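1. pasting the sequence and the predicted model now:
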Amino acid sequence: MWLEQIDLGKLTNVWLDNAALPAYLSDEGYPYPSAARYIRIVIERIGPNKVMWGTDILGLFSHLMYLQLVRLARQHTDFLNQEEQAMVLGGNAMQVYG
């Protein structure tokens, strides 16, 4: 079912963020090794231009610190080239929200 939900990102007016992954993977703890696998699946299915890195900052502080979130963002997207990583880490949000 979650793959069908990811496929909604193929629609022209839908983007996905991966902000809550640490909350869903809290049993793993930092650095949430499954997160990279899930992020890669999402990006392979809908492309890096439809994914945003979010923080859900208030809800996630019970799981990890802000610096850990930044490290996760960089480490779990290291399979992307520099341009694609820039899109996921902020470029897409700028396109959508201006």
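-> Received, thanks. Keep in mind that what you see is a predicted model, and the values were worked out from it rather than measured. Residues are numbered from 1 along each chain as shown.
2. which stretches of the chain have low pLDDT?
-> Per-residue confidence for the chain (pLDDT under 70) gives these ranges: 55-62.
3. can you map out the helices along it?
-> Counting by DSSP state H, the chain has these helices, from start to end: 2-7, 21-24, 33-46, 57-60, 66-75, 82-86, 92-97.
4. right, so these: which one is the most enclosed?
-> helix 21-24 (a mean of 19; mean count of other CB atoms under 10 Å). The way it works is simple: take the backbone N, C-alpha and C, and place the C-beta from them, glycine included.
5. counting contacts, what elements does that helix pack onto?
-> Using 3 or more CB pairs under 8 Å, 6 or more residues apart in numbering; DSSP states H and E as the contact criterion, the neighbours of helix 21-24 among helices and strands are helix 33-46, helix 57-60.
6. would CSV of those with distance to Gly98 be doable?
-> Supplementary listing: these in CSV, determined by distance: least, CB to CB, whole Å:
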stretch, distance to Gly98
helix 33-46, 21
helix 57-60, 21
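7. out of the ones you listed, which is closest to Glu84?
-> helix 33-46 (7.9 Å; CB to CB).
8. pull the CA atoms of that closest one into PDB?
-> Listed next in PDB are the C-alpha coordinates belonging to helix 33-46 (Å, rounded to 0.1, in the frame of the first residue of the first chain):
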ATOM      1  CA  PRO A  33      19.700   2.500   8.500                       C
ATOM      2  CA  SER A  34      16.400   1.700   6.800                       C
ATOM      3  CA  ALA A  35      15.800   5.400   6.000                       C
ATOM      4  CA  ALA A  36      18.300   5.300   3.100                       C
ATOM      5  CA  ARG A  37      16.600   2.300   1.500                       C
ATOM      6  CA  TYR A  38      13.200   4.000   1.800                       C
ATOM      7  CA  ILE A  39      14.400   7.300   0.400                       C
ATOM      8  CA  ARG A  40      16.100   5.500  -2.500                       C
ATOM      9  CA  ILE A  41      12.900   3.600  -3.400                       C
ATOM     10  CA  VAL A  42      10.800   6.800  -3.300                       C
ATOM     11  CA  ILE A  43      13.300   8.700  -5.500                       C
ATOM     12  CA  GLU A  44      13.600   5.800  -8.000                       C
ATOM     13  CA  ARG A  45       9.800   5.600  -8.300                       C
ATOM     14  CA  ILE A  46       9.000   9.300  -8.700                       C
END
